[in-house]
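Visitor: Here is a sequence together with a model predicted from it:
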Amino acid sequence: MKIVVVVGLLAIVTALFAALVFLYRDRGQGTRMVKALAIRVGLSVTLVAFLVQMYSLEYLHDEPPAALGRYYAYQSLFAFSMMGLVLSPNLLQLFICWELVGLCSYLLIGLYYQKQSAS
């Protein structure tokens with residue numbers, strides 16, 4: 001269980017670090033690549049993803065390890081995709097991240113495919 005917490009926190013910290021490095025990188029003309037709104041949205045995405053992972057620790061405490069690992073992998077990929085969606089510099093990357101967000105949503109919704117009450 002503690003390894004899941006460490007991996008989840010590491011994923012969030014890595015996403016935040018990558019976002020900050022990307023945000024403060026300048027183009028050749030010295031103009032900022034990302035506006036202040038994208039910075040705020042990127043930080044809020046990181047904060048919400050971190051809070052969801054912390055809440056999930058208690059909510060999913062009785063799940064088997066395989067399902068828990070699958071959940072955290074899907075949720076981390078979802079957070080990564082949302083960060084990519086917010087920080088995408090072109091339409092191709094925006095489209096790829098949009099599709100990844102949809103895929104992760106589908107996978108997270110279908111996480112309880114074996115439970116009769118969830119089907």
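Guide: Sure, I can see it.
Visitor: can you give me the helices in this protein?
Guide: 2-23, 36-59, 65-87, 91-109 (DSSP state H).
Visitor: which helices and strands does the third one pack with?
Guide: So that's helix 65-87. In terms of contacts (3 or more Cβ pairs under 8 Å, 6 or more residues apart in numbering; DSSP states H and E), helix 65-87 is packed against helix 2-23, helix 36-59, helix 91-109. For the C-beta atoms, the positions are set from N, CA and C on the backbone; glycine is no exception.
Visitor: list the buried ones in it?
Guide: 68, 71-87 (16 or more other Cβ atoms under 10 Å).
Visitor: Equivalent analysis for the shortest one, please.
Guide: Burial within helix 91-109, assessed by neighbour count using 16+ other Cβ under 10 Å, is assigned to C97, W98, L100, V101, C104, L107.
Visitor: what pLDDT, on average, does it get?
Guide: On average, the pLDDT along helix 91-109 is 91.
Visitor: Give me the angle between it and helix 65-87.
Guide: Our comparison of helix 91-109 with helix 65-87, counting by axes from the mean of the first three to the mean of the last three Cα atoms, to 10 degrees, yields an angle of 150 degrees.
Visitor: okay, helix 91-109 in CSV with CA atoms only?
Guide: Extracted in CSV, the C-alpha atoms of helix 91-109 (Å, rounded to 0.1, in the frame of the first residue of the first chain):
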residue,chain,number,x,y,z
LEU,A,91,-3.4,21.1,-32.2
LEU,A,92,-1.8,17.6,-32.7
GLN,A,93,-0.7,17.4,-29.1
LEU,A,94,-4.0,18.8,-28.0
PHE,A,95,-5.9,16.1,-29.9
ILE,A,96,-3.6,13.3,-28.6
CYS,A,97,-4.1,14.4,-25.0
TRP,A,98,-7.8,14.8,-25.5
GLU,A,99,-8.1,11.3,-26.7
LEU,A,100,-5.9,10.0,-23.8
VAL,A,101,-8.3,11.8,-21.4
GLY,A,102,-11.2,10.0,-23.0
LEU,A,103,-9.4,6.7,-22.8
CYS,A,104,-8.5,7.1,-19.2
SER,A,105,-12.1,8.1,-18.4
TYR,A,106,-13.4,5.0,-20.1
LEU,A,107,-10.8,2.8,-18.2
LEU,A,108,-11.6,4.4,-14.8
ILE,A,109,-15.4,4.1,-15.3
